[in-house]
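1. Kindly generate the corresponding structure for this input.
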Amino acid sequence: MKDSQKPYGAAILAVVGTALMAFPAHAHHSQAMFDQSKDLTIEGAVQELQWTNPHSWLVVHVGEPGGASVNWQLEMGPPGKLSRVGMKRNTFKPGDKVTVRIHPMRDGRAGGQIVTLTGPDGHSFDDVR
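-> Next up is the predicted model:
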């Protein structure tokens, strides 16, 4: 091998190595746990907004028939995407009444992926996944 070809081999190895390391990160973003064919609307009070990467989470306290209540764990996109649709870290506070349209969990647990989030002032945030 000529000396002039050695830098190209190292560059190719670096590109292939980077691509292989990125594959598991891509696989992490599966949405298979959510039933994309179903929409469910829930109403409740915000317990907590977790403004985190790679997904933000909204915990909503929902009253059930018979007086019981359940905390729903609802997934959204990352803070950068939420900021682009107008949300901020402090847009929703504990106790705020919200209406949320979600794709529910396939296994029936109290959770899902948010499709539309409407706050107490009636303002809706779409495309928050």
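2. C-alpha from now on. contacts and neighbour counts both.
-> Will do.
3. Pairing partners for the longest strand belonging to the chain, with directions?
-> Counting by DSSP state E, the longest strand found in the chain is strand 40-50. According to DSSP bridges, strand 40-50 forms sheet pairs with strand 57-63 (antiparallel), strand 97-104 (antiparallel).
4. and the next element down the chain from the longest one?
-> Reading on from strand 97-104 to the C-terminus, the next helix or strand found by DSSP states H and E is strand 111-118.
5. So in that sheet, which strands flank that next one, and in what orientation?
-> With DSSP bridges as the test, strand 111-118 pairs up with strand 69-75 (parallel), strand 97-104 (antiparallel), strand 124-126 (antiparallel).
6. Same list (the strands paired with strand 40-50) but as JSON lines, adding distance to Ile42 and mean pLDDT.
-> Formatted as JSON lines, the strands paired with strand 40-50 follow (distance: least, C-alpha to C-alpha, whole Å; pLDDT from 0 to 100):
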{"stretch": "strand 57-63", "distance to Ile42": "7", "mean pLDDT": "96"}
{"stretch": "strand 97-104", "distance to Ile42": "5", "mean pLDDT": "98"}
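7. how about TSV for those strands, with mean neighbour count added?
-> Formatted as TSV, the strands paired with strand 40-50 follow (neighbours: other C-alpha atoms under 10 Å):
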stretch	mean neighbour count
strand 57-63	21
strand 97-104	22
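8. any idea of the pLDDT on the residue nearest the centre of the chain?
-> Centrality entry for the chain: nearest residue to the mean C-alpha point is Met76, 2.6 Å, by C-alpha atoms, centre = their mean. Note on Met76: pLDDT of 96.
9. Next, find the distance separating the nearest residue in space to Met87 that is not next to it in sequence from Arg109.
-> Nearest non-adjacent residue to Met87, counting by C-alpha to C-alpha, 6 or more residues apart in numbering: Phe125, 7.7 Å away. According to C-alpha to C-alpha, to the nearest Å, Phe125 stands 24 Å off from Arg109.
10. Would you mind telling me which of those two has the busier surroundings?
-> Using other C-alpha atoms under 10 Å as the criterion, Phe125 and Arg109 rank with Phe125 on top: 17 against 10.
11. I am finished for the moment; much appreciated.
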